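Student: Give the three-dimensional model of this entry:
(one chain, ligands or ions: 1)
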Amino acid sequence: MLSTHERVSLLRANIHLGRGPAKLLEELAEAAEELSFAKGEVVFSRRDPSIYFYVLVNGHVSHPEVQAAEEQFAIARETTAPGQLFGWGAAVEGMPIRIISARCDEPTRVLAIDGKWFQARCRAHGEPGLNTLQGLVRAFAGHERNIVGRRGWLSIRSVQKVYDPFGKSVVAVDSCSVEIRPGEFCAIVGPSGCGKSTLLNAVAGFDTITSGEIYLDGQCINSATMKAQPGPDRIVVFQHGALFPWATVLENMIRGPIVQKKMNKHQAIQKARELLARVGLSKVENLYPTDMSSGMCRRVEIVRALMNDPRVILLDEPFRGLDALTKTVVHNALLEIYEMERKTILFITHDLEEAIYLADRVLVMTTRPGSIKQTIFVDLPRPRPTELLGQPEFLQLKENAIGAVHEEAVKAFEAGEREMA
Ligand SMILES: Nc1ncnc2c1ncn2[C@@H]1O[C@H](COP(=O)(O)OP(=O)(O)OP(=O)(O)O)[C@@H](O)[C@H]1O
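Tutor: Next up is the predicted model:
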């Protein structure tokens, strides 16, 4: 625990009070909450991001959304110096709330400050809110300018799901938190029955959760107190495929947007043909699914997912059961679509090689109740050629993933689970 004096020195580094009443800084120091985060944790996962902002005590925090953007930002991509501010709170009056996720890259300690409280105290001291956090305002003004329009930020916060079949409760997922930035390709792996599909269904809005919240672009889409609903902003591609066998590829493509009244028939046909052409599938538009290979059907399904311009694409083991050669083809097709659209993708699989080959980040889940055990950052350049699969850096990542999943699979086995990863 820091003393009040130490806290005041830390706060003074970045919080410039207009008229500088030392009393307010002291009040702030005493009210701030000291929190510790493990490596890989996301600061916002423990509290309402619209209310808090943070002062670094020690450690290292980076901002994946900022890193993802190409332009230069006024905001630091990393927060490393004690006293630096990060996060977004309701500290500044009149500014729209914009959330930036913050990932701890090493064990990190912070002072968490309730922005609403701070705002109220500023008013009581006659401090105009806008002058009090100059560093933060500058940072966010820069960020605000640059990320407007980017969509697909998924925030899963402390999610728990308890199934209660016949009164015998099954805790499928517990304390599960993860931030997926706009345009990120994130794979989830873990032993059988650890809760991967449960999590995906909760994001898709197919199922309720017992506690926690799930946000999409800052808007709550699932929580214990709301009735989750699927929406066209989140498209799911399942392992068993979902093309209508009685309809041609083109009819399959246009059906959704027409039924949902998002497009008229003419617009839908135009969009479908445009998408098929972009991935070299124009020739199959009049074929029926039964006339095509399973690999081709999967490719069509993924392209179909883009018809509604979703914010997030959720894939639940879409390539399970395909032979190795077909998998290579569909992997490349998916990567091509990803390069083209840069949609946020949440991809569930048992295949660790597939996860590393496709994703920016692989999340390893613990055995049931599932939570995030380990994050494997896949810093391999894109586009990714198939030859990458034999290269040492790829094999090293695969070995790390195998180690982490195997450990959990053994635990699952010991706990009496029949199936293994
Ligand atoms: N509707 C349900 N009612 C009761 N228990 C359920 C229900 N759905 C899933 N479960 C249980 O919740 C746990 C997590 O299931 P889930 O399907 O999410 O795991 P998974 O990691 O996707 O598994 P797999 O890799 O085998 O597909 C399992 O123990 C499962 O038996």
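Student: going forward, measure contacts between C-alpha atoms and count neighbours the same way
Tutor: Noted.
Student: Just the helices from the protein, written as ranges.
Tutor: Along the chain, counting by DSSP state H, helices occupy 4-12, 22-31, 64-68, 115-124, 129-132, 134-147, 196-204, 249-259, 265-278, 294-305, 324-341, 352-358, 392-414.
Student: Contact residues of the stretch 151-300 of the chain facing the ligand?
Tutor: Tyr163, Pro165, Val170, Ala172, Ser192, Gly193, Cys194, Gly195, Lys196, Ser197, Thr198 (CA under 6 Å from any ligand atom).
Student: what about the third one, neighbour count?
Tutor: Burial of Val170 is recorded as 13 neighbouring residues (other CA atoms under 10 Å).
Student: which residues does the nearest residue to it once chain neighbours are set aside contact?
Tutor: Counting by CA to CA, 6 or more residues apart in numbering, Val170 lies nearest to Tyr163, which is 5.0 Å off, once chain neighbours are set aside. Contact analysis of Tyr163 by CA atoms under 8 Å, 6 or more residues apart in numbering lists Ser169, Val170, Val171, Ala172.
Student: again, but for Leu154
Tutor: Leu154 neighbours (CA under 8 Å, 6+ apart): Glu179, Ile180, Arg181, Pro182, Ile214, Tyr215, Leu216, Asp217.
Student: Recalculate using a threshold of 10 Å.
Tutor: Contacts for Leu154 (CA atoms under 10 Å, 6 or more residues apart in numbering) come out as 101, 178-182, 184, 203, 214-221, 311-312, 344-346.
Student: ok, now Gly195?
Tutor: 161, 171-174, 189, 201, 365-371.
Student: In CSV: the helices of the chain, plus mean pLDDT and mean neighbour count.
Tutor: Output for the helices of the chain, formatted as CSV (pLDDT from 0 to 100; neighbours: other CA atoms under 10 Å):
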stretch, mean pLDDT, mean neighbour count
helix 4-12, 85, 17
helix 22-31, 84, 16
helix 64-68, 53, 18
helix 115-124, 79, 17
helix 129-132, 53, 19
helix 134-147, 46, 17
helix 196-204, 95, 23
helix 249-259, 93, 20
helix 265-278, 91, 16
helix 294-305, 89, 21
helix 324-341, 86, 16
helix 352-358, 94, 21
helix 392-414, 88, 17
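Student: quick one, which of those is nearest to Ala242?
Tutor: Set against Ala242 and scored by CA to CA, the helices of the chain come closest in helix 294-305, at 7.6 Å.
Student: Okay, domains of this protein per the record?
Tutor: Listed domain ranges for the chain are 4-146, 154-233+310-414 (source: automatic domain parsing).
Student: Report the central residue of this structure.
Tutor: Ile180 (1.6 Å; CA atoms, centre = their mean).
Student: Quick check: beta-bridge partners of that one?
Tutor: Counting by DSSP bridges, Ile180 is bridged to Leu154.
Student: same deal with Leu363?
Tutor: Ile188, Thr375.
Student: what residues are up against it?
Tutor: 178, 186-190, 348, 355, 371-377, 401.
Student: can you rerun that using 6 Å?
Tutor: The contact partners of Leu363, taken as CA atoms under 6 Å, 6 or more residues apart in numbering, are Ile188, Gln374, Thr375.
Student: In PyMOL, how would I select the buried members of those?
Tutor: Remark: buried members of these, expressed as a PyMOL selection using 16 or more other CA atoms under 10 Å:
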select buried, resi 188+374+375
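Student: and of the contacts of Leu363, the nearest to Thr386?
Tutor: Among those, and counting by CA to CA, the member closest to Thr386 is Ile188, at 21.1 Å.
Student: how close does that closest one sit to His406?
Tutor: 14 Å (CA to CA, to the nearest Å).
Student: do Asp309 as well
Tutor: Applying CA to CA to Asp309 and His406 gives a distance of 37 Å.
Student: Ok, Ser9 next?
Tutor: Taken as CA to CA, the span from Ser9 to His406 is 47 Å.
Student: related to what we said a few turns ago, pLDDT for the contacts of Leu363 - can I get that in CSV?
Tutor: Supplementary listing: the contacts of Leu363 in CSV, determined by pLDDT from 0 to 100:
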residue, pLDDT
Ile188, 96
Gln374, 88
Thr375, 86
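Student: export the contacts of Leu363 to a markdown table and tack on distance to Glu393?
Tutor: Shown next, in a markdown table, are the contacts of Leu363 (distance: CA to CA, whole Å):
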| residue | distance to Glu393 |
| --- | --- |
| Ile188 | 20 |
| Gln374 | 18 |
| Thr375 | 16 |
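Student: How many neighbouring residues does the nearest residue to Arg368 once chain neighbours are set aside have?
Tutor: Nearest residue to Arg368 in three dimensions, chain neighbours excluded: Cys194, at 4.2 Å (CA to CA, 6+ apart). By other CA under 10 Å, the residues close to Cys194 number 25.
Student: okay, Cys194: pLDDT?
Tutor: Looking at Cys194, its pLDDT stands at 91.
Student: Hmm, Thr367 and it touching each other?
Tutor: Yes - using CA atoms under 6 Å, Cys194 is in contact with Thr367, at 4.8 Å.
Student: I would like the residues contacting stretch 169-182, please.
Tutor: Contacts of stretch 169-182 (CA under 6 Å, 6+ apart): 45, 65, 151-163, 195, 344, 368-371.
Student: how close does Arg121 get to the ligand?
Tutor: Going from Arg121 to the ligand by CA to the nearest ligand atom, to the nearest Å gives 46 Å.
Student: end-to-end on stretch 157-171?
Tutor: Termini of stretch 157-171 sit 16 Å apart (CA to CA).
Student: so how far is it off the chain centroid?
Tutor: How far stretch 157-171 lies from its chain's middle: 23 Å, per CA atoms, centre = their mean, to the nearest Å.
Student: so for it, what's the average pLDDT?
Tutor: 86.
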